[in-house]
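Q: Following is a predicted model, sequence given first.
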Number of protein chains: 4
Amino acid sequence: MTEHPTALYPTALGAASKDEITLLGHDLARDVMGEVSFGELAFWLATQRRPTPGETRVFEAVLAALADHGYTPTAIISRLALLSAPDSVQGALAAGLLAGGSRFLGVTEDCGRFLHAVLVENTIPTDDAGWDALALETVTAQRAAGRFVPGLGHHVHKDGDPRTPRLMEIATEEGLFGPHLALFAAIGRVHPQVLGKTLPLNGAGVCGAALADLGLPLELLRAFALLARTAGLIGQLAEELRHPVANDIFLSVDRNNRPTDPDPYKPADL
Amino acid sequence: MTEHPTALYPTALGAASKDEITLLGHDLARDVMGEVSFGELAFWLATQRRPTPGETRVFEAVLAALADHGYTPTAIISRLALLSAPDSVQGALAAGLLAGGSRFLGVTEDCGRFLHAVLVENTIPTDDAGWDALALETVTAQRAAGRFVPGLGHHVHKDGDPRTPRLMEIATEEGLFGPHLALFAAIGRVHPQVLGKTLPLNGAGVCGAALADLGLPLELLRAFALLARTAGLIGQLAEELRHPVANDIFLSVDRNNRPTDPDPYKPADL
Amino acid sequence: MTEHPTALYPTALGAASKDEITLLGHDLARDVMGEVSFGELAFWLATQRRPTPGETRVFEAVLAALADHGYTPTAIISRLALLSAPDSVQGALAAGLLAGGSRFLGVTEDCGRFLHAVLVENTIPTDDAGWDALALETVTAQRAAGRFVPGLGHHVHKDGDPRTPRLMEIATEEGLFGPHLALFAAIGRVHPQVLGKTLPLNGAGVCGAALADLGLPLELLRAFALLARTAGLIGQLAEELRHPVANDIFLSVDRNNRPTDPDPYKPADL
Amino acid sequence: MTEHPTALYPTALGAASKDEITLLGHDLARDVMGEVSFGELAFWLATQRRPTPGETRVFEAVLAALADHGYTPTAIISRLALLSAPDSVQGALAAGLLAGGSRFLGVTEDCGRFLHAVLVENTIPTDDAGWDALALETVTAQRAAGRFVPGLGHHVHKDGDPRTPRLMEIATEEGLFGPHLALFAAIGRVHPQVLGKTLPLNGAGVCGAALADLGLPLELLRAFALLARTAGLIGQLAEELRHPVANDIFLSVDRNNRPTDPDPYKPADL
């Protein structure tokens, strides 16, 4: 027996007794399995409220937009990890997800948080002119501070990311085009006045805006990108098992190595 | 420029040009976003073929069955990792998935592979009597070899796991009750004759049978369990952010530690 | 053959030809194996310069100080991951390291970076009075900004962390008590004047100061804490294999779960 | 308070009270820091017994042999993960270690376990002729079973891996050339008689034999390879921070992608 009593651990997620399994207070077998789609369930688990069909559609559109972008670092890593440790599918998936950090998958979260921070500090506009004014002020302030606007710019889709208008269209169809998307769209309209050039609103950014409009927790926007990417990585691993490229990738690096002399590290002078 | 030319890397998954993004050969923005549910997309990515609505329903029922089981090691680990490294959601998810190995989430894969191995070595029965005979032979052989039958038995649901009949029902409704489920069901009927006691067919096992009947790659059955669990872990992290328990868990262990004398390791005598 | 030529990849670390293996420009078999201790090698790999015996001793004292602290989240996670996936030792180690983030193992890096930032912006004092003045200014500025001083305070060792004076002593013996340790020590002397209470200089903090004085890259101070912890986690896994506690930890949480009603998430009002 | 009392958790590793920190029953600050090298400590933590200087030297020679091999998958993965998530050094290290599985770093463990299994089932020979006979029987049996002998063969060092004779030499110098190394050496002598060609005894294999002769737990031989590799990966990350190649690696794959038509997966016919 313990010397220090431990706490009780409340949870509204999964629970099981001898004859019943519940999830979010519902009978898992009877009310969830076969009745709730996986995207709907993921939303529900994250918020403990069941989304509407429209919310589920926007949410799943975001997941589709972020699932796979070909040979990203996440994909390359998962394939290489499977090559090295073929017995550990969980290790290959986990390794890939670990590349889902601030640089590649982080824009979704950064954009959602950024838009939200602007919105909570300002009165919500009621018309396009109002949104444009707020966006102009926002972009101007970022530029003055020497900071980028998250979600603006793309290294490939220089004339526009096709996911952006499509996600806005879906959100509009479902009556879920909220203030985050409105501000993001206005940034798209006005930023050339400030920056002197036209940049695309990228797909990762619009996904962050849409997730924020869905009322999902800002701290977990990156997590939804990672959920989407988990499905993508399974696709990568499935393809790797049948049409392997990881060994070629490994050899392309290893064989092109060039031994150099050590370059002793010197810390900055004090 | 390289000294050793590298390979080209084919892929049918995501691809992007300046104006278009495709996924599995389809226009991502026009044909996938808003049109394809996330479960459907995950199936499609893994197999490079679009599932039917019935296949999607069975697949999503499996994902629902495996998404969250409360305070499993995966959930505890993710919560503790978030406590320690709150800035790295990807680390918390990855750490949790790393507990999805042979023991806790492995039954799904083990069961699917086991049933499949039996099926490829035998003529497929055409009636219940035939299935019972094959199941009897199978259970008898496992017992003779001192091995367990994957998917048989559960430490909580001793009188039956409610997910098992429900998933069989859903598969039947969709016309997807195939040979793996048939053999699994027959094992449920006949094993008491061999083992002398009645064990439940567990939920992880029936999920493996159903995934195998869907024609999904056996090497990746564990990966689907991990995909389901990723949604569950996001739920756990979302709850931890609002109703934290990880610090209490940590303290319940740390404060109940009991320092002992070292116990020097001795290898087996040769 | 590729359409886009790839780069060459320089490295001064490991290289192999048919008859030779080199590491950091040295013959691995002849000049490194049996000649270079592991701590020395780790320092050498990180800086591409061979440390002196004194530097190695301070570095290894830091690694010893950080290797294991009993049932930390890293240790609990590694044990739980081994319980769940006993076939994947790499997964158990990786999962544990993922808890080495900003909160638990991050102090070493935070403290080293903090002290360094102060030093680069000020003239280096030449006597204790000068250090005390700089420390006073530093602590005062942190307090005015509402920020903690990294490395100050400990939840257990309220009257002093025994590692702190010992590491300072070792650094002094080796002639490696440099400006980071000097500033840290001065913070220990003067902070009560500002904060109105006496806090201990903790072990994680002094390790960061010592690593910075060794001229190690600030971006990797956390990495050395993780290297130390890898050895500690192997100890945890070795003990778990012989004297298991992970299943008891798991059950202590699972059995003390308390199902609650869902608490639907509401985002902040706009 | 809990409804189900939890257990106490014994440990001989780290423990702390208000004024003291102990590790393995010793005062950490006084008896370990500055007194025990990191390799020695890692051995001690894993076995709960302090190694002799000779044991430490052999152990550290093994760690040096396995620390870094240039652009292995582990190194490539860590660098790519740092590129993607530069804020998470722990994620980059963990991702790299996840490639330390059965294929690349597994030989050390496989070889140690294999040799041990042979030794426990046979009388230990007392002279070279006896070792040769046992080795001949062992290689013959493996070949008859269609299995490889772990540790035999290397894709680069076809005429001999320079680490192998060196580690045997070091072990001999320290009086630690035990039965695992003896059997491994004999396999090197006799296998051409069975296989009809001469293969090198590789470095990963001889490391496994040496670790087994040191009496380290066989279940953790891979863990020591991972400890060595952690130091190597820190070297890789340090080099990446100053001489980055990860983005070039990423682009070399991404730009050489070749979109293909989907190849629908078909499961094996039943």
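A: Cool, the structure landed.

Q: Setting aside sequence-adjacent positions, which residue approaches A:Ser78 most closely?
A: A:Gly96 (3.4 Å; C-beta to C-beta, 6 or more residues apart in numbering or on different chains). Backbone N, C-alpha and C define where each C-beta goes, glycine included.

Q: where are the low-confidence patches of chain A?
A: In the predicted model of chain A, residues A:1-6 satisfy pLDDT under 70.

Q: re earlier: in a strand, the residue nearest to A:Ser78, correct?
A: No: counting by DSSP: H, G, I helix; E, B strand; the rest coil, A:Gly96 is not part of a strand but helix.

Q: I figured it hits A:Ile77, correct?
A: Yes: the criterion here is C-beta atoms under 8 Å, and A:Gly96 meets it with A:Ile77 at 5.0 Å.

Q: So the two - more neighbours on which side?
A: When neighbours are counted by other C-beta atoms under 10 Å in any protein chain shown, A:Gly96 comes out ahead of the other of A:Gly96 and A:Ile77, with 36 against 33.

Q: In contact with the more buried one, which residues are there?
A: A:Gly96 sits next to A:Thr74, A:Ala75, A:Ile77, A:Ser78, A:Ala81, A:Arg229, A:Leu233, A:Gln236 when contact means C-beta atoms under 8 Å, 6 or more residues apart in numbering or on different chains.

Q: And it, how far from chain C?
A: Distance check for A:Gly96 against chain C: by C-beta to the nearest C-beta, to the nearest Å, it reads 13 Å.

Q: Okay, helices next: where are they in the stretch 151-270 of chain A?
A: Per DSSP state H, counting those that start in this stretch, the stretch 151-270 of chain A has helices spanning A:163-173, A:179-195, A:203-213, A:221-242, A:246-254. These are given in chain order.

Q: Which elements pack onto the third one?
A: Using 3 or more C-beta pairs under 8 Å, 6 or more residues apart in numbering or on different chains; DSSP states H and E as the contact criterion, the elements in contact with helix A:203-213 are helix A:53-66, helix A:106-120, helix A:163-173, helix A:179-195, helix A:221-242.

Q: what does the domain assignment say about chain A?
A: Listed by automatic domain parsing, the domain ranges of chain A are A:23-101+A:220-250, A:107-215.

Q: Can you measure across the longest one, start residue to end residue?
A: One end of domain A:23-101+A:220-250 to the other measures 43 Å (C-alpha to C-alpha, to the nearest Å).

Q: so how far is it from its chain's centroid?
A: Here domain A:23-101+A:220-250 is found 11 Å from its chain centre; the criterion is C-alpha atoms, centre = their mean, to the nearest Å.

Q: Quick check: residues of the stretch 151-270 of chain A near chain C?
A: A:179, A:212, A:215-218, A:252-253, A:256-268, A:270 (C-beta under 8 Å from any C-beta of the partner chain).

Q: Narrow these to just the buried residues.
A: Buried members of those, scored by 16 or more other C-beta atoms under 10 Å in any protein chain shown, are A:179, A:212, A:215-218, A:252-253, A:256-257, A:260, A:262, A:265.

Q: now these in CSV, with distance to C:Val190?
A: Below are those laid out as CSV (distance: C-beta to C-beta, whole Å):
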residue, distance to C:Val190
A:Pro179, 49
A:Ala212, 45
A:Gly215, 48
A:Leu216, 47
A:Pro217, 42
A:Leu218, 40
A:Ser252, 56
A:Val253, 51
A:Asn256, 55
A:Asn257, 51
A:Thr260, 46
A:Pro262, 41
A:Tyr265, 32
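
Q: what's the farthest-apart pair in those residues?
A: Longest distance between any two of these is 54.7 Å, between A:Pro179 and A:Pro262; criterion C-beta to C-beta.

Q: And A:Tyr265, how far from A:Leu66?
A: 38 Å (C-beta to C-beta, to the nearest Å).

Q: what's the angle from the helix or strand harbouring A:Ser78 to helix D:106-120?
A: A:Ser78 belongs to helix A:73-84 when assigned by DSSP states H and E. Here the directions of helix A:73-84 and helix D:106-120 differ by 20 degrees (axes from the mean of the first three to the mean of the last three C-alpha atoms, to 10 degrees).

Q: Alpha carbons of helix A:73-84, as PDB, please.
A: Taking C-alpha atoms only, helix A:73-84 is exported to PDB below (Å, rounded to 0.1, in the frame of the first residue of the first chain):
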ATOM      1  CA  PRO A  73      10.700  15.800 -44.400                       C
ATOM      2  CA  THR A  74       8.000  14.000 -42.500                       C
ATOM      3  CA  ALA A  75       7.500  11.500 -45.400                       C
ATOM      4  CA  ILE A  76      11.200  11.100 -46.000                       C
ATOM      5  CA  ILE A  77      11.800  10.500 -42.300                       C
ATOM      6  CA  SER A  78       9.100   7.900 -42.000                       C
ATOM      7  CA  ARG A  79      10.300   6.000 -45.000                       C
ATOM      8  CA  LEU A  80      13.900   6.000 -43.700                       C
ATOM      9  CA  ALA A  81      12.800   4.900 -40.300                       C
ATOM     10  CA  LEU A  82      10.900   2.000 -41.800                       C
ATOM     11  CA  LEU A  83      13.900   1.000 -43.800                       C
ATOM     12  CA  SER A  84      16.000   0.900 -40.700                       C
END
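
Q: Report all helices and strands that that helix contacts.
A: Packing contacts for helix A:73-84, counted by 3+ C-beta pairs under 8 Å, 6+ apart, involve helix A:89-97, helix A:221-242, helix A:246-254, helix D:73-84, helix D:246-254.

Q: and those helices, which is most packed in?
A: helix A:89-97 (a mean of 33; mean count of other C-beta atoms under 10 Å in any protein chain shown).
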